[in-house]
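>>> A structural model of the following input is requested.
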Amino acid sequence: MTELAAIKSDARKAAFARRKAAHALGQGTAGHLSEVLAGYRGVPLAGYMAMRTEIDPTAAMEEASAHGPVGVPVIMGAGQPLRFRAWTPGCAMVAGAFGADIPAGGDWITPEILIVPLVAFTRQGERLGYGGGFYDRTLEGLRSVKPTLAIGFAYGAQQAEELPLEPTDQPLDLIVTETEIIEIGASG
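Here you go, the predicted model:
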C-alpha cells in the first residue's frame, strides 16, 4: 500500500465512524436537498439508493421525479464510469453491484446534476469516496461534454478539515447536509 493509500484508508475509517454515529441519531433528512433541487426542476438528475449508514436522498428524489427524469447509478464494471438508469418511486428494483439497489429495467439517462454519496468532505468541495473512483470517472466524463453539477449529500459530522487528494479527484460544486447548504467558495 502506498503512503497516500494508507492515509486515505485512515481518513475513511475515521469518517465512517463519524457517519455511523450521525446516522444512529436518526436525524438525516433531505429537506435542504429538496430545497436545492427545487431550483432545478426538470433538469435530469441522478441520486442514489442509500446503503448502510449513508444519508438518504430518496424523499428529495421523489419530489424531483414529479418534474423531470431521475436516475440512479449502475456500476458497469471496475474502472468504468457509472451509467444511470431511470428511476421512479415504486419502480421494481434489484440488487446491483456492491448491494446497491438499481431499477430492474428502464431507459438510460444522462444527468446534468449528480447527488453524490461520500465518506467525507471539506467546505472547499473536496470529497473522499469509497475508493473505487466511479464518481470521479463519471464526473470527469460528464463534465467533458457539458456542465454537470455535483452535489455532495452527507451528514454534517462527515466534514473534515482536510482530505488526502489525488489529481483525478473531482470537486463538488455544492454540499448539502441535514442542517445546511454549503456553497463552495462562499465565505463562512
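>>> contacts and neighbour counts: CA atoms only from here.
Will do.
>>> mind checking the SS state of the residue nearest to residue 168 when sequence neighbours are not counted?
Leaving aside its sequence neighbours, residue 168 sits nearest to residue 136 (CA to CA, 6 or more residues apart in numbering; 6.8 Å). Under DSSP: H, G, I helix; E, B strand; the rest coil, the three-state class of residue 136 is helix.
>>> which residues are in contact with residue 136?
For residue 136, the contact set (CA atoms under 8 Å, 6 or more residues apart in numbering) comprises 168, 169, 170.
>>> skip the chain neighbours and tell me the closest residue to the last one.
The spatial neighbour of residue 170 that comes closest, neighbours along the chain excluded (CA to CA, 6+ apart), is residue 136 at 5.2 Å.
>>> one more: residue 127?
Counting by CA to CA, 6+ apart, the residue nearest residue 127 is residue 121, at 4.5 Å.
>>> burial of the one you found, as a residue count?
Using other CA atoms under 10 Å, residue 121 has 27 neighbouring residues.
>>> ok, it - contacts?
Residue 121 touches 127, 128, 152, 158, 159, 160, 163, counting by CA under 8 Å, 6+ apart.
>>> what is the nearest of those residues to residue 110?
residue 152 (18.1 Å; CA to CA).
>>> isn't that closest one right next to residue 113, touching?
No. Applying CA atoms under 8 Å, one finds residue 152 not in contact with residue 113, separated by 10.7 Å.
>>> neighbour count winner among the two?
When neighbours are counted by other CA under 10 Å, residue 152 and residue 113 differ, and residue 152 comes out ahead with 27 against 21.
>>> using the three-state scheme, assign the more buried one.
Per three-state DSSP, residue 152 ends up strand.
>>> for it, give me its contacts.
115, 116, 117, 118, 121, 127, 172, 173, 174, 175, 176.
>>> ok, now residue 97?
74, 75.
>>> check residue 116 too.
Neighbouring residues of residue 116 by CA under 8 Å, 6+ apart: 47, 48, 135, 150, 151, 152, 153.
>>> how about the helices in this structure?
According to DSSP state H, the chain carries its helices in the segments 3-24, 31-38, 58-65, 134-145.
>>> report the rounded mean pLDDT for the last one.
The predicted model assigns helix 134-145 a mean pLDDT of 96.
>>> over to the second one?
Averaging pLDDT along helix 31-38 gives 96.
>>> list the buried residues in that helix.
For helix 31-38, a neighbour-count test (16 or more other CA atoms under 10 Å) marks 31, 32, 33, 34, 37 as buried.
>>> on contacts alone, who are the packing partners of it?
If you count contacts as 3 or more CA pairs under 8 Å, 6 or more residues apart in numbering; DSSP states H and E, helix 31-38 packs onto helix 58-65.
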